[in-house]
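Visitor: Sequence and predicted structure are below.
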Amino acid sequence: MVKKILLVLVAVIAALAGVVATRPATYKVTRTATIAAPPERVYGLINDYHRWAGWSPWAKLDPNMKVTYGGPDSGVGASYAWLGNSDVGEGRMTTLENRPNEYVKIKLEFIKPFESNSITEFTVKPEGGASQVSWDMTGDANFMTKLFTLFASMDSMVGPDFEKGLKQMKVVAEAAQ
């Protein structure tokens with residue numbers, strides 16, 4: 001009887017692993033917003049990690065989060081590391097590329113609660129007297145990510161945070177006028 005139960009358990013695990021293996025190998029989350037502020041003001045909020053506390057959707061989840069800045073104050077090589085409660089975990093962001101007032105590319109590394117790497121990109125385009133901002137995150141889906149996305153998509157998990165962050169960025173950028 002125990003042998004049959006073990007065989008069924010192994011078969012279920014093998015079937016689940018097979019289903020997980022068929023999940024997409026990459027993911028992408030994108031959100032956009034129009035902000036009634038010039039591109040240079042919006043870009044400044046993104047390119048300088050010291051200014052993220054004013055709009056980041058995660059900064060307010062743990063008021064005791066420990067933050068460390070590295071490299072230059074802004075631009076390529078600037079970094080931001082955090083260590084917080086279970087809502088924010090632990091990780092690091094490093095600016096890989098930027099084009100003033102237009103684009104910022106960031107390497108995003110999560111350490112806890114699980115290890116994961118992705119690329120985050122912000123694109124800022126003038127639109128009349130405002131700015132069109134796009135926030136994208138792309139990454140490879142490892143086995144654990146694929147397993148997790150059987151129950152919820154990356155878009156449904158991260159997208160609402162991007163929306164909240166863009167709304168907060170809008171408030172900060174528009175208030176600075």
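Guide: Looks like it came in fine.
Visitor: and Tyr118, what are its bridge partners?
Guide: Careful, residue 118 is Ser; it's not Tyr. In this entry, Ser118 is beta-bridged to Leu108, Gly139, by DSSP bridges.
Visitor: Equivalent analysis for Gly91, please.
Guide: Using DSSP bridges, the bridge partners assigned to Gly91 are Trp82, Phe110.
Visitor: Spatially nearest residue to Leu96 (excluding sequence neighbours)?
Guide: Nearest residue to Leu96, sequence neighbours excluded (CB to CB, 6 or more residues apart in numbering): Lys105, at 4.7 Å. Every C-beta, even on glycine, is put in place using the N, C-alpha and C of the backbone.
Visitor: what does the helix or strand that neighbour falls within contact?
Guide: Lys105 is located in strand 103-112, with elements delineated by DSSP states H and E. By CB atoms under 8 Å, 6 or more residues apart in numbering, the residues outside strand 103-112 that reach it are 43, 46-47, 89-98, 115-124, 137.
Visitor: circling back: now the residue nearest to Leu96: how far from Pro39?
Guide: 16 Å (CB to CB, to the nearest Å).
Visitor: the strands in this protein, which residues?
Guide: Ranges of strands in the chain, per DSSP state E, are 26-35, 66-70, 79-83, 90-99, 103-112, 116-127, 130-140.
Visitor: Can you lay out the ones you listed as TSV showing mean neighbour count, mean pLDDT and distance to Trp55?
Guide: Formatted as TSV, these follow (neighbours: other CB atoms under 10 Å; pLDDT from 0 to 100; distance: least, CB to CB, whole Å):
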stretch	mean neighbour count	mean pLDDT	distance to Trp55
strand 26-35	17	91	10
strand 66-70	12	95	14
strand 79-83	19	95	13
strand 90-99	17	96	14
strand 103-112	17	95	14
strand 116-127	18	94	12
strand 130-140	19	93	11
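Visitor: Of those strands, give the one that comes closest to Met154.
Guide: Closest of those to Met154 is strand 26-35, at 4.2 Å (criterion: CB to CB).
Visitor: Now find how far off-centre the strand holding Lys105 is within its chain.
Guide: 7 Å (CA atoms, centre = their mean, to the nearest Å).
Visitor: can you count the residues close to Ala25?
Guide: Neighbours of Ala25 under the rule other CB atoms under 10 Å: 10.
Visitor: contacting residues around it?
Guide: Residues near Ala25 by CB under 8 Å, 6+ apart: Asp140, Ala141.
Visitor: distance of Val133 from Leu96?
Guide: Distance of Val133 to Leu96, computed by CB to CB: 19 Å.
Visitor: try Gly159
Guide: 23 Å.
Visitor: what's the answer for Met154, then?
Guide: Distance, Met154 to Leu96, by CB to CB: 21 Å.
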